[in-house]
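In: quick one: sequence plus predicted model below, questions after.
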Amino acid sequence: TWGAIMPKNKGKGGKNRRRGKNENENDKRELVFKEDGQEYAQVTKMLGNGRVAALCIDGVERLCHIRGKLRKKVWINHGDIILVGLRGYQDGKADVILKYTADEARNLRTYKELPEHVKINETATFGEGGDDDIMFGDDGSEGGSDDDAESEDDM
């Protein structure tokens, strides 16, 4: 006969996991504007290893390093608006200081901090043109779709 039967673990991690989380992520923080040596940028490519390629508002594409404070806590995706700290000694590289939410990015645009052409979405913008070039044959305009149905009957 065995002693007390241990309960099955449900969920991820124990008491320490819950202790580590700070629960103030969703309350309103004040909008941070850029200072000297900082620039707004939009993530163009995820490079892995804590780095992203970002197109800065001044028109330069820079290799940006995500600082340790943001690395595990703040997830940065393609198309996000970020604040980068420029390096005086390396123009091609910068450090990600802050990630703006979609709402904050829209506010920056209203304050004329971001130019109008910058696309701000909750989801990533993978093409600037949108999905106009994708054609689906379900609108009945293409004649080829009816022929396909007949050829299946012949088999």
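Out: Received it, and whenever you're ready, just let me know what you need. Numbers count the residues shown, from 1 in each chain.
In: now do the SS call for the residue nearest to residue 87 when sequence neighbours are not counted.
Out: In space, and not counting its chain neighbours, residue 87 is closest to residue 93: 5.5 Å by C-beta to C-beta, 6 or more residues apart in numbering. No exception for glycine: its C-beta is placed from N, CA and C like everyone else's. Residue 93 falls in the strand class when you classify it by DSSP: H, G, I helix; E, B strand; the rest coil.
In: what pairs with residue 93 across the strands?
Out: residue 63 (DSSP bridges).
In: tell me the mean pLDDT over stretch 103-116?
Out: Mean pLDDT, computed over stretch 103-116, is 87.
In: helices of the protein, start to end?
Out: 15-20, 68-71, 102-110, 144-154 (DSSP state H).
In: can you give me the strands for this structure?
Out: 38-48, 51-56, 61-66, 81-87, 90-99 (DSSP state E).
In: just so I know, which of the ones you listed lies nearest residue 106?
Out: Shortest distance between residue 106 and these, using C-beta to C-beta, is found for strand 81-87: 9.4 Å.
In: quick one: strands adjacent to the closest one?
Out: Strand 81-87 is paired, per DSSP bridges, with strand 38-48 (antiparallel), strand 90-99 (antiparallel).
In: of the ones you listed, which approaches residue 29 most closely?
Out: Here strand 90-99 is closest among those (C-beta to C-beta), at 9.7 Å.
In: touching that closest one from outside, list them.
Out: Residues outside strand 90-99 that contact it (C-beta atoms under 8 Å, 6 or more residues apart in numbering): 32, 38-39, 41, 52, 54, 56, 60, 62-67, 70, 74, 76, 80-87.
In: and with 6 Å instead?
Out: Outside strand 90-99, the residues within contact range by C-beta atoms under 6 Å, 6 or more residues apart in numbering are 32, 62-67, 74, 76, 80, 82-87.
In: check stretch 114-122 too.
Out: 40, 102, 105-106, 108, 125.
In: kindly export that stretch (C-alpha atoms) in CSV.
Out: Once non-C-alpha atoms are left out, stretch 114-122 reads as follows in CSV (Å, rounded to 0.1, in the frame of the first residue of the first chain):
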residue,chain,number,x,y,z
LEU,A,114,4.8,59.6,-37.3
PRO,A,115,4.3,60.4,-41.0
GLU,A,116,0.9,59.6,-42.5
HIS,A,117,2.3,56.9,-44.8
VAL,A,118,3.3,54.6,-42.0
LYS,A,119,0.9,51.7,-41.8
ILE,A,120,-0.3,50.8,-38.3
ASN,A,121,-2.1,47.5,-37.8
GLU,A,122,-2.6,45.1,-34.9
